[in-house]
Each structure stands twice: as structure tokens, then as C-alpha cells.
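Student: below are the sequence and a predicted model for it; my questions follow.
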Amino acid sequence: MLWWIALLTLVAYVVHTAWKTYRHPATALLRQAVHMNWAATGRRKDDKGFYDTLLKRGGAVAEISYQHKDVRLIKPDEAGPFRDFLELERWLATEEERRLAGDPLIQYYRAVQKYIAEHGLAQRLFELQGTDEEYAIATYRVQVAGYNARKSYKVVGAFLMESVRIYAGSREFALAFLKALENEMRPIDAESAD
């Protein structure tokens, strides 16, 4: 009879410990991270002896602090602490937007897209790019060539709108038109390098 009491005590202790672990805020953060496509990559011991979980997604590495019950970004930049992964995701999106806002090519691309939107063809262009990968790549290459050749975003936007009109009649002709535009705008020194 005594062994039953010992067994029940042991089972109660294991269930209690498992429940405490499951309900711990660091475990909840880990579950949230997994749902947001972060993958656990290891553990690291902090200065107090607690094991913190390391997670990775893309080039970013985050750490869930067991002691502090929060999230810290380790790579690409040291940042945090964050209450949870939603707050971390918002911060990452803001930083990415800030980084892209300073990129002249992105600014040029946005100016081209805005010009096309002002003329009412943005939706159709996006539909074509979304359904035809070759066309999407060709339009992107024309925009990069236009940027490198220092062409006005209005000129490049007008060419892209013309390609949308041509596409309605012939996909192949629209692709050939875009390829010719890209070659025409390519700098002379880049042609000699090919």
C-alpha cells in the first residue's frame, strides 16, 4: 500500500512540474514563435544559470529569456527586450521599411509604380506580374535598367504601361518589347562586359 502512495506522489509531482512548464511565459513565447515560423536552434545558459532558447528565421536570430520572460533579437542587430514575438515582428517590419526607404533603387521602383497607378494600370500590371513569372522578371529588369541608365521614372512607367497594352494582344511580343527596352537602356560598358 505504501508503494501506491509513493507512486501517486511521484505522478502528481510529474504532472505538476509539466503543468508549470507548460504554463510558463517562456514556453508560451516558444509556442508563439513556432506559429510564426521561427525554428529552435539551440539553448544558451545565462549568467543566473537559466537556459534561454535560441530561434532562427531567415537571417534573424532571437532569444527567449527564461528568467526575464521576454524576447531579444541577437542578429542582425542587438535589440530588445520585446514582450513577445508580435512586438518583435512589428519592430523587424519597421526596421526593414526604414532600411528600404533609404535605398535609391526602391525609391525609384516606388515612383514608377505610383506613376503607373496614377494612370490606372497598376492593378492590371500587378495581375500580369502575379500570373506570369517571366513577364514579372522582364518588367523588373526594365526598371533596374532604367534606374541604372538614369532614365526618368515616368519614361520607364510609360514603357511598362505600353507593355501591358501589348500583352493584351500578344504575350510574346510584350516580352520581346521589354527585352529590347532593357537592352536599349543598358549602359555601353555593361554590354562590353557580356
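Tutor: That came through fine.

Student: low-confidence stretches in the chain?
Tutor: Filtered on pLDDT under 70, the chain yields the residue ranges 21, 187-194.

Student: tell me the domain ranges of it?
Tutor: Per automatic domain parsing, the structural domains of the chain span 2-94, 102-193.

Student: okay if I get those domains as a markdown table plus mean neighbour count?
Tutor: Any C-beta I mention is one placed from the backbone N, CA and C, and that applies to glycine too. Output for the domains of the chain, formatted as a markdown table (neighbours: other CB atoms under 10 Å):
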| stretch | mean neighbour count |
| --- | --- |
| domain 2-94 | 14 |
| domain 102-193 | 16 |
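
Student: phi, psi for Lys69 please.
Tutor: Lys69 adopts backbone torsions of phi 60, psi 50, taken as degrees, to the nearest 10.

Student: now the nearest residue to it once chain neighbours are set aside: how far from Asp70?
Tutor: Leaving aside its sequence neighbours, Lys69 sits nearest to Pro25 (CB to CB, 6 or more residues apart in numbering; 3.9 Å). As judged by CB to CB, to the nearest Å, Pro25 and Asp70 stand 8 Å apart.

Student: what of Leu160?
Tutor: Using CB to CB, Leu160 is found at 46 Å from Asp70.

Student: and for Ala39?
Tutor: Counting by CB to CB, the gap from Ala39 to Asp70 is 19 Å.

Student: many thanks, we can stop here.
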